[in-house]
Structure formats: C-alpha cells, structure tokens
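Trainee: one predicted model, sequence on top.
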Amino acid sequence: MKFNKQLTYKAALHQLIKAQLKDAQAEQNWQTPDVLMPVPLHWQRRVVRGFNQSEEIWQRTGIAVDTQSFTRVKRTKPQSELNKRARKTNIKGAFSCKLTHQYQHVAIVDDIITTGYTVNEIARLLKSAGVKQVSVWVFAISDPAKPS
C-alpha cells in the first residue's frame, strides 16, 4: 500500500484494526485515547506519495484523529533506507508540535515500527507539551536486526 499506491488494501486493514479494537475494548484496563495522531510525512514526500499511509490506515476507528498538531519540519531520509544508528540521528529535530487541544491521552499511530526512534521523538514532544499518557499503535512490527 505504502510504496505501490495500493489503497484498495485499506478496507481489509480497517477491518483488522476494528476487530483488534473490539477485542481491546473488552479488556478491563482498556483506555480509549482522546485522539489518534498519525506520524506526519514531510510535505514533499506527501506530494510525491499522494497520501500519508498512517492517516489512511487509522482513519476509520471511531476515535478522533488530529493531523494538525504535528508537522514534519525536516525533510529526512526514509528510515527504511537507514541502519539502526543512522535512524536515531536522522529523526532528531524532524518534528514540530503545536497542540490544538490539551489532550490527556494521545495514541501515536503509524504503519510499522522498527527501532522506535520516530515514535519516541514524537512521544517526547507530546510529553513536553503536557500530554499525560502516550500510547503507540502500529499495524506491524519489523525486526531491526534485519534489513528493511
């Protein structure tokens, strides 16, 4: 979907996510976040790709989505092209956070997590902005020891 513009996969992904959310909500300790915040793309990458895969995957959960509070201010190399050490340096200072609301619980949403550097950087900024609880929701987890 991400690299080949196969947006027809969205419906299947939405069904899988809805099933997971339904299961999670049945658990006693489940806490619905105030909002989902997709990891933003730099505007130039978004123009080339035509969409933000993180927004597309998570948009039909029934939970509010905030795409305005975070921007990617630094055009970084794609994390998938870098080794673990380079990923951490690459993402440092890449985002700007200007919260439009005072959220208590934010879930950062993305398509895949490998090293966690991207979501850690965003979580750090959210915590600095006063968010009490930050969760990370991803569709897939990749092994950082293997080439992406």
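Mentor: Good, I have the coordinates.
Trainee: after the helix-or-strand element of the chain with minimal mean pLDDT comes which helix or strand?
Mentor: When the helices and strands of the chain are compared on mean pLDDT, DSSP states H and E, helix 10-25 comes out lowest with a mean of 75. As assigned by DSSP states H and E, the chain's next helix or strand after helix 10-25 is strand 35-38.
Trainee: and that next one, what does it pack onto?
Mentor: helix 53-58, strand 105-113 (3 or more Cβ pairs under 8 Å, 6 or more residues apart in numbering; DSSP states H and E). Placement of C-beta: from N, CA and C, glycine included.
Trainee: pLDDT averaged over the helix or strand that the first one is followed by, what's the number?
Mentor: Next in sequence after helix 53-58, counting helices and strands by DSSP H and E, comes strand 70-72. Strand 70-72 comes out with an average pLDDT of 90.
Trainee: repeat that for stretch 118-126.
Mentor: Mean predicted lDDT for stretch 118-126 stands at 94.
Trainee: okay, buried residues for the least confident helix or strand of the chain please.
Mentor: 10, 13-14, 17, 21 (16 or more other Cβ atoms under 10 Å).
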